[in-house]
Structure formats: structure tokens, C-alpha cells
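1. Sequence and predicted structure are below.
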Amino acid sequence: MHIDAVTLKALTLELAELLAGGIIQKISHLNSSDLLLQIRQPGHTYRLLIQLGREQTAMCLTEREMPPAQVPSSLVMQLRKHLQGQRLVSLEQPTLARTVFLSTERHTLAVELSGRRNNILLLNAQRIIMGKMLPEPAQAAIWPVGQRFAPQSGGRQPNVLAASMEEVRHGLIDALGQPALQALTRGLFGLPPWHAKDICRSVGLESEAELTFAQLDILLQGIGLWRQRLLCGPYDPVTLPNGKVSPWSLGLEDEISYPDISQAINAEKRLPGLEEQRAELLHAITKMQKKRSSTLEKMRAQQKDAEQLEELKEYGNLILAYMYQIPPRAASAEVYDSQGRLITVRLDPNLSAADNAQRYFKEYKRLKRAQISVVEPMNRMSQELEFIADMELAAQRAETIQELEELKEIWEQEFAPPDRSAKRSRRINAPALGPRVFSHRGFTILVGRNPLQNDTISTKIASKGDIWLHTLRVPGAHVLIKTAGSQPPPETIAAAAHLAARHSHAKLDSRAEVIYTDAKYVHKVKGSPPGRVIVKTIKTIVASPHTAVEGLTEESKKHENS
């Protein structure tokens, strides 16, 4: 997620009201591109998270659990020296440049959030660069220490927020004849396409229609109202279908409202360090998946199908049947098979007919033994690949670092037992996460977060009479409806099927088949990887991973947020 200039402006105004005048108590270095500032106001301490990663570029207040801090970098040591314990005098974003300045009396923290050129710089009172974070090594020459810092200006385009209305008019005159959307985004600096569409919609103009001179005054009126709303509020932030955040509704489908902009950003972004750990685990999973798939293909290549084996046996029998008609040192023999067809059987000229028959029988027995010997390893390899697919899904859906750490422990137990002499990284000290907990019409529904939890749900938590669900022939979470002896209504089974589809590899499909049965018919295969079970007496239901289910609430989220 990348925060656009308009949302950043609204966020800065929102944060300034809360943080200006507060004391910067602590500065933590979470990872190579993320910082956490704790700012104390009377009666409350705010945590300001700054993320500069390529995939996560944002700034917001957060109450979420953070990973352990790393050893501070040289910049963080400078920030602690000059900013920690100081009063935050102001927090501002000049016009729509994607740079936010957090200023104390003598120093300023400049936060660039352009998406392509993110940075954190420490400036003195004259805006001279004293230190820089530079998460991207290629940016090392952009802002050398000792140079005066100046944020991006937007070039020749009038700034949609700072320019006078006459300057805005001239910028749009140059774009006459273009669709109104393009005229706004190309003629003015700092205006995202979705807000350009909103301006057109607010004054009744078609965004894809060509902009005419007669429409200029109407469009300028819309721009003026838009500027006033951005600078003065009120804000009713929403997340948009494209994953962006807007300070107010743009009239799009599937918008989700939030009390403030920080909460909207928190809902759309990942935790610091989360993507790095996810990528590391997924890399290990993908590598093992390729290795196991290659081994399975080799096993399949060794296993000749039954028709080929029977063919070898039949060749041996036919040679014995026609052995007195086969001349010595023949390289082949034409004989009639059991279907009455004339076929050619290859022979070794150096062997007699009887020895050629025995050669075919010997090859038949060898391949038959090979076919039988790989059946069990192939089954075991298939189970491991199913487990790997479950791990991949769990890693992709993990929402916290703790979930990833638990997945890593499961992975190491199955495939890579850790070297006990190796130094372990710092981990979050918290109780193990349980399954996701949902409720529907008074029934509790459990959803496994990983293969080990799937095992626990299916073999330890489940009781006779509970309803067990899983996507058909698709890796996914084990889902359990705790019935407490009551029969759940069809709507609750449908809600649980929706959860099974949503927490599976079918989550992007429009529909998914889900099997369900009494939990007493679900059994663990001895010695199989976590999450592998045998199911008998199943029924099938079709569910949509995307359709909202009325009355379905996630209880585990309530507990995490409380």
C-alpha cells in the first residue's frame, strides 16, 4: 500500500491536532525501513508508525502489536540525541508534496513518502541535512549530508492545492480537448485519478468526455469545493476497492468506513517486518515444494502403468508359444497376440527363444517390484505436498508476525530442525495464537490458522455431533461448528462453508465446493503430516468466498482489539 498526497495531507492535518505540543519520548528502529515514535500528550501516549518499504509506504498512529526493535542505526542514534525528549512544535505537509515535516525547536524530521523515493532525514534549523535513513542503497547520492533539503515541487504544473484559481485555470486551458479526467491529472500537480473523478462527479461532468472551454468555470467551482473540504474537513475516511485510502467517500462500491484516517491505513497495510518474514518463509516453502514435486515426478516415471507391465508378460508367453517357429539368431518375431492381432516382438539375436522369453519375464518382475515399492513413498510424498500447500496458504494469509513465527516453528519441525547451537532471533513473547473464532446464530465456528491448528481442531477440539468442513480437493483451513448437541440451521452451515472457501486456495474464485460431515467421521492418518485426515460420509455445499454473510462475526478479532 502507498499513501497518496491527498490522503497524506488530510492525515497530516489530523495528526497535527493530536500530536503538536507533545513530547517525543522514544524512537525505535523496527527494521531497515520502519520507525516507531512514541509521543506523549497529557493523559495519553501516541505511537506514530513510519513505513518506507516498497510495498508498504505509509505513516499513521497505531495500537497494533509491533515486532521487537532492532539495534538502532546511526540515524536513529542521531534522532535520539536531537529529538528524543523534545517537544514536537509542528507537524506539517507543504501543499501536496509527499513530504511531512515533524519539527522541534531546533531540528526537523523530514519524512518522504513518494513511493519510489522514500526517505527519512534529520535536518537542522536551516533545513541542512544532518543524517538520513535511505532504505534503498541506490538513493545514496540523492540527498548528501550537508546539502539543503527541498521537497519536490511538481515542476511546471500548478499545484492543485497551493496555486491560485487563475493559475489552475491556465493549467487546465492547456489541457482543453482532452478527457476531463486527463485534463485534471495531467494539468495539475498532486491530484490522484480517483479524486479527479470525484471532482467531475460533484459538478455533474462526465470524466471521460472532452473538456471544453465552456465547462472550465464549472470544473473550477468543483476544485474550489474540493480544496475547501480537504483543508477544513470534516473527514469520513474510507478504504477504496483499489486498496487506497480516501479522506471521504468517492461513491464507489465496496468502500469501508473508519473513524479516522490512521485506522483506515492500519486496516489496509501490513505490520512492520511482516512482509520480510512472509517472503522468507514462502521462499523456503516454494523451494521445498519444487524439490518434493521433482521427486514425485521421478517416482511416477519409475512406475510403469499396468498395461505396459502386462505387455511384457504377454511377450514372454507368446515367445514360449511360438518358440519352435522362431529361427535361431532372429532379431524379431511376428506372432498373433491373445486378441488375434499380428504383432512384432523384438528379440536379442544372441539369446535363444527360451532365454528371450525369460528376459521379458525378468523385466516384468523387476518393474512390478519397482511399481509396488514406490506406492507408499508416492503416497507419503503426495501428503507432504498437500501439507506444503496448506503451509503456503497459511503463510499468505498470516496477519501478524506471531502467526508467521508459529508457522516457521511448524515448518522447522517437519523439514528443517533448527541447529540448537545457532543463535535464535528475538521473538514476540506472547501466548500461542488459537484458531480464528467466529459466531453465527449462537453457534461458535473455529477456523484453523495453520496445519497444526487444523490437526487440533479436527482431532482434539471436535466432538461427536460437531460439523466439520473443508474445501473439496483444494488446500484450505479445517473449519468446525461447535454444536453443543444442537442441530445448526442450514444458514449456519452455509456461513461455515463461506469461511472454509474464504480461508482456502479457492479464495479468489467466485464459487467453491465445500464438504461437510459429522466430526466423528474425521480421522487422523497415523504418521501423516499435520492437517492430513481421512473423511467418510460427506455432503457437499457450494459457497462463495466473497459474499458477505449476515450475522457472521469474528470473535477473535474482538479479543485481539480489546
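-> That came in fine, so what should we check first?
2. Let's see the pLDDT reported for the most centrally placed residue in the chain.
-> The chain has residue 396 as the residue nearest its centroid, 4.8 Å off, counting by Cα atoms, centre = their mean. Note on residue 396: pLDDT of 90.
3. That one and residue 279 touch, don't they?
-> No - Residue 396 is not in contact with residue 279 according to Cβ atoms under 8 Å; the separation is 10.9 Å. Glycine gets a C-beta too; all of them are placed from N, C-alpha and C.
4. quick revisit: is it true that the residue nearest to the centre of the chain lies in a strand?
-> No - applying DSSP: H, G, I helix; E, B strand; the rest coil, one finds residue 396 to be helix, outside a strand.
5. give me every residue that touches residue 492.
-> 440, 441, 443, 445, 481 (Cβ atoms under 8 Å, 6 or more residues apart in numbering).
6. Wait, the last one touches residue 466, no?
-> Read that as residue 481. Yes - counting by Cβ under 8 Å, residue 481 touches residue 466, with 6.1 Å between them.
7. that's a helix at residue 195, yeah?
-> Yes - Residue 195 forms part of a helix when assessed by three-state DSSP.
8. what's the neighbour count on it?
-> For residue 195, the neighbour count with other Cβ atoms under 10 Å is 23.
9. Check the gap between it and residue 267 for me.
-> Residue 195 sits 20 Å away from residue 267, going by Cβ to Cβ, to the nearest Å.
10. contacting residues around residue 167?
-> Counting by Cβ under 8 Å, 6+ apart, residue 167 touches residue 158.
11. pLDDT averaged over the strand or helix carrying it - what is it?
-> Residue 167 belongs to helix 165-173 when assigned by DSSP states H and E. For helix 165-173, the mean per-residue pLDDT is 89.
12. most residues in a single helix of the chain, which one?
-> helix 274-302 (DSSP state H).
13. so what secondary structure elements neighbour whatever helix or strand comes next after it?
-> Where DSSP H and E defines the elements, the next helix or strand beyond helix 274-302 is helix 306-321. Identification of packing neighbours for helix 306-321 by 3 or more Cβ pairs under 8 Å, 6 or more residues apart in numbering; DSSP states H and E yields strand 332-336, strand 342-346, helix 353-373.
14. hey, where'd the strands end up in the stretch 101-250 of the chain?
-> Using DSSP state E, counting those that start in this stretch, the strands of the stretch 101-250 of the chain run over 108-113, 118-123, 129-132, 238-239, 245-246.
15. what helix or strand is residue 402 on?
-> Residue 402 belongs to helix 401-414, assigned by DSSP H and E.
16. Buried residues, that helix. List them.
-> 401, 402, 403, 404, 405, 406, 407, 408, 410, 411, 414 (16 or more other Cβ atoms under 10 Å).
17. and the nearest residue to the last one once chain neighbours are set aside, what element?
-> To tie it back to what came earlier, the one meant is residue 414. With Cβ to Cβ, 6 or more residues apart in numbering as the criterion, residue 414 has its nearest non-adjacent residue at 6.2 Å, and that residue is residue 529. Using DSSP H and E, residue 529 maps to neither a helix nor a strand.
18. so what's residue 529 up against?
-> 383, 384, 386, 387, 414, 451 are the contacts of residue 529 under Cβ under 8 Å, 6+ apart.
19. Show me where the stretch 451-562 of the chain has its helices.
-> For the stretch 451-562 of the chain, the helices defined by DSSP state H, counting those that start in this stretch cover 451-456, 490-502, 555-561.
20. rank the ones you listed by pLDDT, which is bottom?
-> Per-stretch mean pLDDT for the helices of the stretch 451-562 of the chain is lowest at helix 555-561 (a mean of 56).
21. surely residue 238 meets residue 264?
-> Yes - between residue 238 and residue 264 there is a contact under Cβ under 8 Å: 6.7 Å.
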